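Enquirer: structure for this input, please:
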Amino acid sequence: MKIMWDENAIKRIIEMTNGKEGIFKLIYDTEDCGCDDGVSTLWYIGEPEGNEIEVETNYGRILVDQDKAIYMEEEMKISCVGDCHTFRLISPNGIINPYMRFYNWVK
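Expert: Next comes the predicted model:
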């Protein structure tokens, strides 16, 4: 699995993480999302929880839960939406999440 960041998304995520050490985690959230299937969400965590796999990327480290990896595409890209207050997750097959939320759990 491979997740690439575009240039604007990298600039914005650097601002949003405030230079704090952490790891990105792409989760497949099925709780309180208001949908049947779930939605991809990006977290910034302090350390792995132990059930993840690391994916190839061009910026930082990105983890995906092993049991949720089947819901992910083999190649994905993270880009900015509009003025970059939110992110978009896309694959060669289309848009996976047009407004992907980001949660910074690193204090």
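
Enquirer: and I78, how many neighbours?
Expert: I78: 27 surrounding residues under other CB atoms under 10 Å. Using the backbone N, CA and C atoms, a C-beta is placed for each residue, glycine as well.

Enquirer: average pLDDT for the helix or strand where it lies?
Expert: I78 belongs to strand 75-81 when assigned by DSSP states H and E. The pLDDT scores in strand 75-81 average 95.

Enquirer: which strands or helices does the next helix or strand after it pack on?
Expert: Sequence-wise, the next helix or strand downstream of strand 75-81 (DSSP H and E) is strand 86-91. The contact analysis (3 or more CB pairs under 8 Å, 6 or more residues apart in numbering; DSSP states H and E) places strand 86-91 against strand 39-45, strand 75-81, strand 94-100.

Enquirer: got a list of contacts for the second one?
Expert: In this case it means strand 75-81. Applying CB atoms under 8 Å, 6 or more residues apart in numbering, the external contacts of strand 75-81 come out as 1-6, 8-9, 12, 42, 86-92, 96, 98-100.

Enquirer: what's the offset of the strand holding I78 from the middle of its chain?
Expert: Between the centre of strand 75-81 and the centre of its chain there are 9 Å (CA atoms, centre = their mean, to the nearest Å).

Enquirer: let's have the helices and strands packed on strand 86-91 in a markdown table, adding distance to V55.
Expert: Output for the helices and strands packed on strand 86-91, formatted as a markdown table (distance: least, CB to CB, whole Å):
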| stretch | distance to V55 |
| --- | --- |
| strand 39-45 | 12 |
| strand 75-81 | 9 |
| strand 94-100 | 14 |
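
Enquirer: what sits against the closest residue to I96 other than its chain neighbours?
Expert: Closest residue to I96 apart from its sequence neighbours, by CB to CB, 6 or more residues apart in numbering: L89 at 4.4 Å. Applying CB under 8 Å, 6+ apart to L89 gives the contacts L26, S40, L42, M76, K77, I78, I95, I96, N97, M100.
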